[in-house]
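Trainee: Here is the input, now give the coordinates:
(one chain, ligands or ions: 2)
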Amino acid sequence: MNQAEENLMAWLRNAHAMEEQAVTMLIGLANRTGDYPEVKARIEQHLAETRKQAEALEGCILRRGGDTSTLKDLTGKVIAFGQSISDMFVDDEIVKGAMASYTFEHMEIAAYRVLIAATEIVGDTQTKTVCERILKEELSMASDLEAHLPELTREYLRRSQSN
Ligand code: MG
Ligand code: FE
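Mentor: Ligands and ions are numbered 1, 2, ... in the order given. The predicted model follows:
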C-alpha cells in the first residue's frame, strides 16, 4: 500500500467506528424524542440509514483488502471530538441531544468529504460512489435537523413553562 492507500484505509476505519458510534447515539436519542414524533421519525429513518452506512463501509474495507476483525476495537474511541458530542447525546435534555446530533452530522460530512478526495487520489471509484451516497444522507440529515432546531427549542421551552 502506498501512503494515500494507507490513509484511505485508516480513514475508512475511522468512518466505520464513527457510524457505529452514531448508531448507539441515535438509538438513545430516538428513545428520548417520544414527545416529538416528527423528530423521532426522522431520527429513526437516519438510524436505519446509518446501519447501512456502517455495512457499506465494511464492504469497502474488505474490498480494499483490509480486515474487519479489529474494527470493533476502534468503536467508541474514534476521536475526542466525537466523545464530547456523545456526552451531550446522553443528556436528558432533548435540545442538547438535537444540538449534539446536528454537530455530529457535520463531523460526518467532513469525514466523507475527506474520504471522497482520498478515493479520487487512489482511484477507487467504487468507494467514492459509496462515500458520495453516504455524504448525501448526512447532508440531508443535517439540513433537516437545522430546520427542526428552532421549533424543537420553542416546543421544549413551551412545555417546560407549562410544567
Ligand atoms: Mg452517518
Ligand atoms: Fe449521519
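Trainee: contacts, neighbours, all on C-alpha from now
Mentor: Will do.
Trainee: Mind telling me what element the spatially closest residue to residue 134 that is not a sequence neighbour is part of?
Mentor: Of all residues not flanking residue 134 in the chain, residue 53 sits nearest, at 6.5 Å (CA to CA, 6 or more residues apart in numbering). Here residue 53 is covered by helix 37-63, with elements defined by DSSP states H and E.
Trainee: is any part of that helix close to ligand 2?
Mentor: No. When contact is scored as CA under 5 Å from the ion, no part of helix 37-63 falls within range of ligand 2; the minimum is 6.2 Å.
Trainee: So which elements touch that helix?
Mentor: Here helix 37-63 is seen to pack against helix 3-31, helix 125-161 when contacts are counted using 3 or more CA pairs under 8 Å, 6 or more residues apart in numbering; DSSP states H and E.
Trainee: Show me what counts as buried in that helix.
Mentor: Judged by neighbour count using 16 or more other CA atoms under 10 Å, the buried positions of helix 37-63 are 39-40, 43-44, 46-47, 49-50, 53-54, 56-61.
Trainee: where does the protein come near ligand 2, residue by residue?
Mentor: Within the chain, the positions adjacent to ligand 2 are 105, 138 by CA under 5 Å from the ion.
Trainee: In the chain, where is pLDDT below threshold?
Mentor: Counting by pLDDT under 70, the chain contains low-confidence ranges at 69-84, 89-92, 163.
Trainee: can you do 90?
Mentor: Residues of the chain meeting the criterion pLDDT under 90: 1, 28, 32-35, 67-94, 159-163.
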